[in-house]
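Colleague: here is my input, please return the structure:
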Amino acid sequence: MAALVAAASFAPAAAQMRTAVVPTQTIYPGEEIMPGMVQEVEVTNPHLTGDYTTKTRQVVGMVAKRTLLPGRTVPVSALREAFAVTRGKAVRLMFTVGSMTISAQGAPLENAAVGDLIRVRNIDSGVTVSGTVMADGSVQVVAK
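Modeller: Numbering: from 1, shown residues only. Purely as a prediction, here's the structure:
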């Protein structure tokens, strides 16, 4: 009976166990986070608050927006998606109207992640257009 009471009193404590992701090394701004650079640790400070990451899958593949120090929690606000297109590096522009698709080469005027709306200069005509960055790295031009 005493073992049952002890197990019952331990269950709520185990259910409240929290984890946090901490770097194992210094991660600098603009650096992509790889699996060996972070680890999950048990949160032992009951007063730790804030919007910090709790699972490595939230962090791996992301890019640091600021310096992340070893052993410190990684705030969600300190991370961003990796850029799908880089300023000045050629991309494919796609413009679709009905069943007609026009394709051209473009040079992004800014870095951007998938889903971002950016400005791109058409390499052939010099005209600047706006478009949405697609998962394949192309830019879908929006009609004016």
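Colleague: report the contact partners of the most centrally placed residue in the chain.
Modeller: Nearest residue to the geometric centre of the chain (C-alpha atoms, centre = their mean): Glu81, 2.8 Å. By C-beta atoms under 8 Å, 6 or more residues apart in numbering, the residues touching Glu81 are 62-63, 113-114. Placement of C-beta: from N, CA and C, glycine included.
Colleague: what's the ChimeraX line that selects buried ones from those residues?
Modeller: This is how ChimeraX selects the buried members of those, with burial counted by 16 or more other C-beta atoms under 10 Å:
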select :62,63
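Colleague: show me where pLDDT drops low in this structure?
Modeller: For the chain, applying pLDDT under 70 flags the ranges 1-16.
Colleague: show me where it has strands.
Modeller: Assigned strands in the chain, in chain order: 19-23, 38-42, 63-64, 79-80, 91-97, 100-108, 117-122, 128-133, 139-141 (criterion: DSSP state E).
Colleague: how about these in CSV, adding distance to Glu32?
Modeller: As requested, those are arranged in CSV below (distance: least, C-beta to C-beta, whole Å):
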stretch, distance to Glu32
strand 19-23, 13
strand 38-42, 12
strand 63-64, 5
strand 79-80, 10
strand 91-97, 20
strand 100-108, 19
strand 117-122, 20
strand 128-133, 17
strand 139-141, 22
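Colleague: so for Thr53, which of those strands sits nearest?
Modeller: Among these, the nearest to Thr53 by C-beta to C-beta is strand 19-23 (4.3 Å).
Colleague: now that closest one - C-alpha only, CSV.
Modeller: This file holds the C-alpha atoms of strand 19-23, laid out as CSV (Å, rounded to 0.1, in the frame of the first residue of the first chain):
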residue,chain,number,x,y,z
THR,A,19,12.7,19.9,-21.3
ALA,A,20,14.6,22.7,-23.0
VAL,A,21,17.0,22.8,-26.0
VAL,A,22,20.4,24.2,-25.2
PRO,A,23,23.5,24.6,-27.5
